[in-house]
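J.: Quick one: sequence plus predicted model below, questions after.
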Amino acid sequence: MRNLLVTGGAGFIGANFVHYWMENYPDDRLVVLDALTYAGNLANLAAVQANPHFTFVQGNICDQALVESLLLQHEITTLVHFAAESHVDRSITGPDEFIETNILGTYALLKATKKIWIDTPVSQGQPALEHRFHHVSTDEVYGTLSATDPAFTEATAYAPNSPYSASKAASDHLVRAYHHTYGLAVTTSNCSNNYGPYHFPEKLIPLVIINILHNKPLPIYGDGMQIRDWLYVQDHAYGIDLVLNKGKVGETYNIGGNNEWANINIVQEICHLLEKAFAEDKTLAHKFPQALAAIHQKTETLITYVKDRPGHDRRYAIDATKTNNELGYIPRESFATGIAKTVQWYLANEAWWQAVMDGSYQDWLTQQYV
Ligand code: NAD
Ligand code: TYD
């Protein structure tokens with residue numbers, strides 16, 4: 001039985017991780033610390049809220065005293081750190097929160113864990129507590145690739161290009177330094193783009209699904225030939241599980257599914273999948289009468305090329321050979337099964353995304369630079 005503190009557990013990946021963990025390790029206790037920013041949503045955790053092994057705490061990771069008290073009160077020995085500002089477009093229009101949460105927030109967590117797990121017991125003549133600080137990072141810290149470059153490995157030099165990726169890179173370096181300097185037992189995972197249930201609809205895949213259902217334009221930045229390497233979110237949780245249970249302290253692990261898509265192609269694929277869903281399930285035309293698929297018209301006509309994102313990285317691709325070989329990591333979901341599940345989830349969970357759309361997300365949309 002372990003006690004885990006999961007930061008950012010009300011967000012997209014954090015919530016999926018909580019569901020994954022509670023299904024696979026039902027004896028463990030989980031405490032989620034989340035500030036409930038625009039991206040945090042308690043509805044993402046509704047299914048586990050009544051579980052006696054689950055506790056939710058609304059609070060900021062920058063609040064070191066709060067983190068220390070949670071570590072002590074819940075006898076936490078494993079921290080899994082998801083909390084972050086995560087949207088590149090927002091980091092371009094307003095980088096301050098990214099510096100605050102991603103860098104200073106991570107720093108506060110490092111200080112709190114070092115104090116409670118190492119400094120306090122040692123000052124009392126005790127050995128440091130057995131512990132693990134797992135830091136969840138991104139492939140975006142490695143910068144951008146050309147079409148022919150080899151994929152990012154753990155040895156690729158950091159070259160972040162957006163305020164988001166720069167803030168994540170800074171936090172990765174702090175985590176590394178706390179291991180080398182103070183002996184904090186850290187691991188870091190750098191994962192490619194995730195997709196799946198609870199994905200906030202400012203991100204490409206859920207945005208496209210929901211816009212198709214509302215008969216709204218599907219915005220493609222620039223020429224649409226930027227490439228992303230997509231992984232089903234539960235496979236990210238599975239990768240973190242393997243790093244926590246089999247990974248070596250002080251190491252970093254790339255997590256990815258070897259699944260590169262140009263943006264325009266993934267948008268066309270989603271158009272096709274929704275048309276297929278409408279053809280197979282006649283009730284969808286009544287549920288979403290605005291959708292072009294409801295009146296048998298081509299969904300792809302909604303594709304609209306818009307101004308490119310400033311500094312837009314051309315290609316990300318993850319080489320996960322180390323994680324595959326050392327931890328036995330093989331994603332469980334193919335892209336075909338993962339994207340089909342995702343489309344079905346959005347079709348079945350209109351109440352979830354309507355509530356998100358009615359909230360602060362609308363304010364952000366009106367300020368967008370595109
Ligand atoms: P998200 O934006 O959906 O969720 C972030 C969560 O963190 C939200 O619940 C939010 O309320 C919380 N949060 C933000 N600031 C906080 C603060 N100061 N204190 C406490 N909680 C705070 O993000 P996500 O897509 O789930 O990403 C989770 C992590 O995974 C991030 O660290 C991100 O960098 C990393 N990551 C994301 C992807 C991806 O494709 N989304 C890929 C690789 C890595
Ligand atoms: P996004 O989901 O924001 O993830 P990231 O920028 O972290 O990779 O975007 C994925 C890709 O899709 C990225 O190349 C930007 C592009 N994009 C669009 O073309 N149109 C959109 O409306 C959005 C949100 C993204």
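T.: Everything's here; your move. Ligands and ions are numbered 1, 2, ... in the order given.
J.: Wasn't residue 22 part of a helix?
T.: Yes - under DSSP: H, G, I helix; E, B strand; the rest coil, residue 22 falls within a helix.
J.: Excluding covalently adjacent residues, which one is nearest to it?
T.: residue 48 (5.4 Å; C-beta to C-beta, 6 or more residues apart in numbering). C-beta here means a position set from N, CA and C on the backbone, and glycine is covered the same way.
J.: Pull the contacting residues for the one you found.
T.: The contact partners of residue 48, taken as C-beta atoms under 8 Å, 6 or more residues apart in numbering, are 18, 19, 22, 30, 54.
J.: Return the distance of it relative to residue 209.
T.: Going from residue 48 to residue 209 by C-beta to C-beta, to the nearest Å gives 25 Å.
J.: next one: residue 29
T.: 35 Å.
J.: and what of residue 83?
T.: Where residue 209 is concerned, residue 83 sits at a distance of 26 Å (C-beta to C-beta).
J.: Looking at the two, which is more packed in?
T.: Taking neighbours as other C-beta atoms under 10 Å, residue 83 and residue 209 compare with residue 83 leading, 28 against 23.
J.: Am I right that the more buried one is in contact with residue 8?
T.: Yes - at 3.2 Å, residue 83 and residue 8 qualify as touching, with contact defined as C-beta atoms under 8 Å.
J.: Identify the contacts common to these two.
T.: 14, 33, 34, 61.
J.: check which helix or strand covers the second one.
T.: Just to be clear, that refers to residue 33. Assessed by DSSP states H and E, residue 33 sits inside strand 29-34.
J.: Give the buried residues for that strand.
T.: For strand 29-34, a neighbour-count test (16 or more other C-beta atoms under 10 Å) marks 29, 30, 31, 32, 33, 34 as buried.
J.: swap in stretch 284-295?
T.: So, applying 16+ other C-beta under 10 Å, buried residues of stretch 284-295: 284, 288, 291, 292, 293, 294.
J.: what's the distance between the nearest residue to residue 54 once chain neighbours are set aside and residue 31?
T.: Distances taken as C-beta to C-beta, 6+ apart place residue 48 nearest to residue 54, at 4.8 Å, with adjacent residues excluded. Going from residue 48 to residue 31 by C-beta to C-beta gives 12 Å.
J.: near ligand 1, anything from stretch 247-267?
T.: No - for stretch 247-267, no contact with ligand 1 is found by C-beta under 6 Å from any ligand atom; the gap never falls below 8.2 Å.
J.: Could you work out the end-to-end span of that stretch for me?
T.: End-to-end distance for stretch 247-267: 35 Å, by C-alpha to C-alpha, to the nearest Å.
J.: what about that stretch, near ligand 2?
T.: Yes - residues of stretch 247-267 are located near ligand 2 by C-beta under 6 Å from any ligand atom, namely residue 263.
J.: what does stretch 2-21 give?
T.: No - Stretch 2-21 is not in contact with ligand 2 by C-beta under 6 Å from any ligand atom; minimum separation 10.6 Å.
J.: Can you give me the first-to-last residue distance of that stretch?
T.: Taking C-alpha to C-alpha, the first and last residues of stretch 2-21 lie 11 Å apart.
J.: ok, and for it, which residues are buried?
T.: 3-21.
J.: Any residues of this protein in contact with ligand 2? List them.
T.: 88, 193, 203, 204, 207, 219, 220, 221, 226, 228, 263, 309.
J.: can those residues go into TSV with extra columns for neighbour count, pLDDT and secondary structure?
T.: Listed next are the residues of the chain next to ligand 2 as TSV, based on neighbours: other C-beta atoms under 10 Å; pLDDT from 0 to 100; DSSP: H, G, I helix; E, B strand; the rest coil:
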residue	neighbour count	pLDDT	secondary structure
88	21	97	helix
193	22	98	strand
203	18	96	coil
204	21	97	helix
207	18	97	helix
219	19	97	strand
220	19	98	strand
221	16	97	strand
226	20	98	coil
228	22	98	strand
263	18	98	helix
309	16	96	coil
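J.: Of all pairs in the residues you listed, which one spans the longest distance?
T.: Among the residues of the chain next to ligand 2, the pair separated by the greatest distance (C-beta to C-beta) is 193 and 219, at 17.0 Å.
J.: Low-confidence bits of the stretch 251-370 of the chain, can you list those?
T.: 360, 362-370 (pLDDT under 70).
J.: switch the cut-off to 80
T.: Along the stretch 251-370 of the chain, the parts satisfying pLDDT under 80 run over 359-370.
J.: Can you show me the strands along it?
T.: All strands of the stretch 251-370 of the chain, identified by DSSP state E, counting those that start in this stretch, fall at 252-255, 260-262, 303-306.
J.: so which of those strands comes closest to residue 314?
T.: Nearest of the strands of the stretch 251-370 of the chain (C-beta to C-beta): strand 260-262, 10.3 Å.
J.: what's next to that closest one, contact-wise?
T.: With contact meaning C-beta under 8 Å, 6+ apart, strand 260-262 is reached by 224, 225, 226, 227, 228, 229, 230, 269, 315, 317, 335.
J.: Name the residue most distant from the centre of the protein?
T.: residue 125 (39.6 Å; C-alpha atoms, centre = their mean).
J.: May I have the secondary structure class of that residue?
T.: coil.
J.: separation between it and ligand 1?
T.: 34 Å (C-beta to the nearest ligand atom, to the nearest Å).
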